[in-house]
Structure formats: structure tokens, C-alpha cells
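K.L.:
Generate coordinates for the sequence data below:
(2 chains)
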Amino acid sequence: MADTMNHIERAVAALGDKPVDRLTAYPLAMGVCRRVVGDGKMTYRDWVSDPKKFASAFIEGQKRFDFDFAIGLMDLSVAAGDMGSVVRMDDQNTPFVTDPALKTVEDYEKLTVPDVKKGRSHVLVEGTGLFVQALGSQLITAAFLEGPLLSLTQAASAEKVFMDMYNNRSAVHKALKTITEYNGDMVKAMGAKKPAGLVWDYLWGSYSCLGDAEYEEFEGQYARGLNELTGKEGMAMCIHNCADLPHLDTQIKAFKPAIYSMAYYPLIPGSPSPKETIEKGYADNCLIGGQIDPRASCAGARRRCRRPP
Amino acid sequence: MVKIAQVAGFLGSGKTTFLIELVKVLVDRGHKIAIIVNDVGEINVDVRIVEMYGLKAKEISGGCICCQIAGNFANTIAVLQKTFKPDLIIVEPSGVAIPWGLKRAAEYSEEEMEGEMIVHAPVVTLVDALRIDELITSVRRLVETQIREADVVFINKVDSATQEKIDMSVKFSKSINPNAEIMFGSGRNNQGVREVADLIEKRTSPRYDETYEKEMLKREYGGKA
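P.N.:
Residues are numbered from 1 along each chain as shown, chains lettered A, B, ... in the order given. Presented below is the predicted three-dimensional model:
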């Protein structure tokens, strides 16, 4: 069936809880988009080192996949890398931190605010600006940033941070304040590029990791200011959280994002199903983005696919 | 067939020491072993094992359990299988990884390995008896998650912990996962390691149950799953 809406009409209708002509596609598809640029052999390091190359993935990806949104996720180690962590980048794999910048309690306290005009932060901001310029009239564009606690766990290792939340509480807060300041600078820089929205990755809002009080203490209080700043800078505030047992009351009902994308874990007792999410009112004032498992859709699909008759 | 054995546990639970002893036992029994670690900072220890035993070690990392690790992990298993052909892959996940998530990610590698099937050994979660009171205060939810999904809870460091702390570790573990088998020992003194090696060799743990997942969805939504 042919589409009867353009991308912006479809996205706006979905946001307004109106009927749409087909399922609205809100993708975190930077990996597959990167692979459709040129001969598909651009290395990860090249992609994240040049704003034009970063933007080209979303521009070329849009030609190939016809999404309704372009969301500028680079990876989750951008801030950690710019704080001094060593990030390993294989040619095609998702990069990861091999040597965290923050190893001691003193390191938390000595952390300084990374300069958003340098490093991968700069590439992310400028690259986002370029794809917003190229695609903004056709579809909904959004910047993507890691929340403060996620950046800290990348820069110090998650296990260490979780232990230090208890054993070295004030030092963890000092680091979170510094990272929140960096995040504030990033929001302002992104706002100047005029994407329609900004997606925050608040991954640790999971009852597998933190209770309500801990989540409020170590992320909520910092996130609230950043969420507000996002709106002030002219971007719709969106949240991505693919953890199990997500903090929906805080992240949807209290934070009030325009869009909340989440993953579903049917085998984890208590993890909300799509039906429960809707029944409990989380979708009343928020567009809930579901998931297509990236591995299952790319790799697992092959053996289940049948050629049409 | 590739057997995957997860040895989970929070930072400082003695995973790496335990793993070294476990690998020595399994190598002596003739297994060809690869190790996948997910612990930033501890890779050097495992590199030493590689040098000592001619094993293969690979590391995975990343913050986002469901997306980032899944891709890297599956690919790592497939590459190991093609290049090194281990009969047993031991995985040392981060203390924040979810065992079932790694099972599913491991099974994804079947797509990249022609005809090879992933089989899971029992998931072993190490509980640090020395620090049990600290763990259940500071990172209780994370520890609970790993115990809940364990087939075997190995109460570690029993040679140094008081009986009171060992009892507390057992009580805590059973309150979360009454079905888990409880074992005791100390990786440092090679206590209980052979018994865990026996379990890994002889027993299996269920695969990530896609059929059950579909049934649950069918019950909730009706019609065709």
C-alpha cells in the first residue's frame, strides 16, 4: 500500500495520538546507516572523526531506509572519551572504553568539564548540525546525548560507580555535577543547530540496578535541569532507555518526555509489556517507541525469511 | 556445538582468580578453551593466562547491555569459533550484565556459524561471603539480579569469611533464588573449583526461551504469536 502521509505528517500525527498510514519509524540505526555510505567500508574511527562523514550516514541511510526520524546517536562513549578514557575503535564494531579515565575517588573530584568544541563532542555537534540542515525539511531530526550517570559509568566503569555510590557518595556527586555541566554545554551547542528534538539516554533508570530513591539521587536531580534546558533551547525532550524494569513513573510521568523509546523483556518478571505500558497510562501524554531487536532484525531474520511467491 | 559457561559476580567477588583456577582444571582435562571477559581493567590478568596456557582471550565491553554488547558478543563468539575452534567458551560478564541477555546474545552467533549450535553450561554466580553485608547494602539490586538468574550460586572466599557471613550469604541467595544450587569454596585456594568444572562439563542450562516468550505474548494479545 502506498504511503499517504509524508514523514513529518506521520510523525506529527503519531505524536498527537492521531491515526497514521503506516507504522512510524523512529530508528537508532546509525550502524546500518554508516554501512550504506559509499562502498560500505568506512571505518568507525573515520566516521566519528569528521562531522561530514558522521552526517553522511544519516543522509544516505534516509535514502535507503525511508525513516520518519533521524536520530544522531554516535555511541555511548563520546563523553567518556573526551574526559580522557581510552576508547577502542575496531574498524566496524561499536567502540568501547578499554581504560577508564576515572580510576580513583580523587579522579572523580579532579574531573574537569570537557570542552564541547573539541574531540568527539565537537564532531557530534557539528555532524548533527549537518544532517539537520540536510534532512530537517523532510523528517523529524533529533540530537542524541548520554545522560550524566551513563557518561560517568562509561568513564569509570559501571561496577566501580555503583560501589562508589555507596562508599564515596560525595565524590560521585562531584563528578556528576561536572558531567551535568558538560551536558548543559552540549544541549546549548545542539540547540544552536536546530534539531527538532534531543534524545537523552537515561539507561540506568532500571529497577535491576537502582531503586527510586537512588535513581532520584544519582540521576533524577541532574536530569530534571537538563530536561528543562532542552526545552528552553527549543528542542522537544525525548528519552531512550533500553534497560529492563525501567523507571516509567519517573522517566515518563515526572520527566514528561515527548517520546519515550524502550525495550521489552517478556522473560523478566515485572518488566512491563507493551499492553501494560499503555493500560497504566504511560502512553496518555507521551509517544512510546517500541523496539525491533537489532540483531534479530538483521541477522536472525535470514533463516525466518521466505521469498515471496 | 559450542558450550558457553557464564561465571558472573560483582566487582571484587573473586571472579578472575576463580576463573584462572577453573580454566587450569578444564585445560588439564583436555578442553580447548576461550575466555571472553567483560571487565575493564582485568584484561591483563587474562592475557597472562593466554600466554601460560595457549588459550584465546577476547574482551567485550560497553554500557548498553541489550544493543552494544549483543552485537559485539555474538560476533566475538563467531570469530573465536572460526579461528580458534574452542569446545568451551567461558564468559566473565560484567557485574551489571544480565545472564539471560548474554544467553540470547550468544545464541545470535549461530547465525554467523554454519551448523554450530550454542549450548549453555549452568550459569554460575559468585557471591563474595567476605563482603556480603556491604554488597546487599550498596549494590543489592544488581547482586539480586545475578543471583536470580543463576543455576549455581558459588559462595566464594569461605576460607576467609566467618560462619556468620557464610550463613548470611546462603540465606540471602536462597531468599532470591530458592532453586539455585548452592556451592561453597574459594578460588584462591582452589576449593570447590573442580566441582564447578564438573558441572560445567556435564550439565546444561536452558537456552533463552523464545518459544516461551512467544507463548507469553500470545496469552497477552491473543491470536497468532
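K.L.:
Please make it C-alpha for all contacts and neighbour counts, starting now.
P.N.:
Will do.
K.L.:
can you give me the helices for chain B?
P.N.:
B:15-28, B:43-53, B:70-83, B:99-108, B:132-138, B:140-148, B:163-176, B:193-202, B:210-221 (DSSP state H).
K.L.:
closest one to A:Pro100 among those?
P.N.:
With C-alpha to C-alpha, the closest approach to A:Pro100 among the helices of chain B belongs to helix B:43-53: 12.9 Å.
K.L.:
Now do stretch B:160-168, average pLDDT.
P.N.:
For stretch B:160-168, mean pLDDT rounds to 95.
K.L.:
Likewise for stretch A:143-154?
P.N.:
With pLDDT averaged residue by residue, stretch A:143-154 scores 95.
K.L.:
what's the span of that stretch, first residue to last?
P.N.:
End-to-end distance of stretch A:143-154 (C-alpha to C-alpha, to the nearest Å): 20 Å.
K.L.:
for stretch B:110-128, same thing?
P.N.:
Taking C-alpha to C-alpha, stretch B:110-128 runs 34 Å from one end to the other.
K.L.:
Any stretches of the chain with poor pLDDT?
P.N.:
By default, I'm working from chain A. Low-confidence segments of chain A (pLDDT under 70): A:1, A:293-309.
K.L.:
wrong one, I was asking about chain B
P.N.:
Scanning chain B for pLDDT under 70 picks out the ranges B:38-72, B:94-96, B:209-214, B:216-217, B:219-225.
K.L.:
which strands and helices sit next to the longest strand belonging to it?
P.N.:
When chain B is parsed with DSSP state E, its longest strand is strand B:2-9. Under the contact definition 3 or more C-alpha pairs under 8 Å, 6 or more residues apart in numbering or on different chains; DSSP states H and E, strand B:2-9 sits against helix B:15-28, strand B:88-92, helix B:99-108, strand B:118-120, strand B:124-128, helix B:140-148.
K.L.:
which of these sits most buried?
P.N.:
When the helices and strands packed on strand B:2-9 are scored by mean count of other C-alpha atoms under 10 Å in any protein chain shown, the highest mean neighbour count falls to strand B:124-128 (a mean of 28).
K.L.:
between it and helix B:163-176, how many degrees?
P.N.:
Counting by axes from the mean of the first three to the mean of the last three C-alpha atoms, to 10 degrees, strand B:124-128 lies at 140 degrees to helix B:163-176.
K.L.:
Name the residues that touch strand B:124-128?
P.N.:
The contact list for strand B:124-128 (C-alpha atoms under 8 Å, 6 or more residues apart in numbering or on different chains) reads B:5-10, B:12-15, B:146-147, B:150-157, B:169.
K.L.:
tally of neighbours for residue 111?
P.N.:
Reading this off chain A. Residues lying near A:Leu111 (other C-alpha atoms under 10 Å in any protein chain shown) number 18.
K.L.:
actually chain B
P.N.:
If you count neighbours by other C-alpha under 10 Å, B:Glu111 ends up with 20.
K.L.:
can you pull the contacts of the nearest residue to B:Leu135 once chain neighbours are set aside?
P.N.:
Spatial nearest neighbour of B:Leu135, excluding adjacent residues (C-alpha to C-alpha, 6 or more residues apart in numbering or on different chains): B:Val143 at 7.3 Å. With contact set as C-alpha under 8 Å, 6+ apart, B:Val143 has these partners: B:Gly9, B:Phe10, B:Gly95, B:Leu135, B:Ile136.
K.L.:
Dump these into a markdown table; add neighbour count and distance to A:Gly40 as well.
P.N.:
Listed next are those as a markdown table, based on neighbours: other C-alpha atoms under 10 Å in any protein chain shown; distance: C-alpha to C-alpha, whole Å:
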| residue | neighbour count | distance to A:Gly40 |
| --- | --- | --- |
| B:Gly9 | 27 | 39 |
| B:Phe10 | 24 | 39 |
| B:Gly95 | 25 | 35 |
| B:Leu135 | 22 | 46 |
| B:Ile136 | 15 | 48 |
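K.L.:
A:Ile71: which of the residues you listed is nearest?
P.N.:
Nearest to A:Ile71 out of the contacts of B:Val143 is B:Gly95 (C-alpha to C-alpha; 29.9 Å).
K.L.:
hang on, the earlier thing: nearest to A:Gln154 among the contacts of B:Val143?
P.N.:
Nearest to A:Gln154 among those, counting by C-alpha to C-alpha, is B:Gly95 at 13.9 Å.
K.L.:
Can you pull up the most central residue in chain A?
P.N.:
With distances taken as C-alpha atoms, centre = their mean, the residue of chain A nearest its centroid is A:Asp201 (4.1 Å).
K.L.:
Bridge partners for it, pull those for me.
P.N.:
On the basis of DSSP bridges, A:Asp201 is bridged to A:Glu146, A:His240.
K.L.:
State the distance from A:Leu229 to chain B.
P.N.:
Remark: distance between A:Leu229 and chain B (C-alpha to the nearest C-alpha, to the nearest Å) = 25 Å.
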